[in-house]
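> Structure, please.
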Amino acid sequence: MPVPHIRHATLDDEDRLGRLDRATWSPLHAVQPRPQPPYEPFFNERFGPRDHLVAELGGTLVGYIKLGYPTPLACNTHVRQIQGLAVAEEARGAGVGRALLRAVQDEARRQGARRISLRVLGHNAPARKLYESEGFVVEGILPEEFLLEGEYVDDVLMGRGL
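From the prediction side, this is the model:
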């Protein structure tokens, strides 16, 4: 099985990232409604190419991970937060998510971060299992934080030291 190639996103990736984001939309991880045309640009004022790592298999973009700050506070700049992760359906099981997760931790360390955190929906068992296998631990649960498709879903806060 080929190893995913991980790199920083570029402006040229925007259309492919937007298509991937829409194709992977699921109530398993999304709290916003399914995107409808006209679609918003993938990159915006808050998150640009510099905030995304992408994964390629055989030259095809098959995943991304978004890294940001959890708050705008100066006293919190030692923490980074994973604020999005998507893997194309056809690339699942090929180690893409794990490769992105490891690469983003290396990037956070490179930026001088001491901690990395994320939020995951309680019912997203595959993502939670992946995060736990990479050393993330549950640090808090916001019970029934979201109402998704008629079901109340917990918001699980996870993190780890770097």
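
> So which elements touch the host helix or strand of Gln81?
Using DSSP states H and E, the element containing Gln81 is strand 79-87. If contacts are counted by 3 or more CB pairs under 8 Å, 6 or more residues apart in numbering; DSSP states H and E, strand 79-87 sits against strand 60-68, helix 96-110, strand 115-121. (Glycine included, C-beta is placed from N, CA and C.)

> Mind giving me the packing neighbours of the longest one?
Helix 96-110 is packed against strand 5-8, strand 52-57, strand 60-68, strand 79-87, strand 115-121, helix 125-133, with contacts defined by 3+ CB pairs under 8 Å, 6+ apart.

> can you rerun that using 7 Å?
Judged by 3 or more CB pairs under 7 Å, 6 or more residues apart in numbering; DSSP states H and E, helix 96-110 is in contact with strand 5-8, strand 52-57, strand 60-68, strand 79-87, helix 125-133.

> One more: the last one?
Helices and strands touching strand 115-121, as assessed by 3+ CB pairs under 7 Å, 6+ apart, comprise strand 79-87, helix 125-133, strand 151-161.

> Please repeat the previous calculation with a cut-off of 10 Å.
strand 60-68, strand 79-87, helix 96-110, helix 125-133, strand 137-148, strand 151-161 (3 or more CB pairs under 10 Å, 6 or more residues apart in numbering; DSSP states H and E).

> All set now, cheers.
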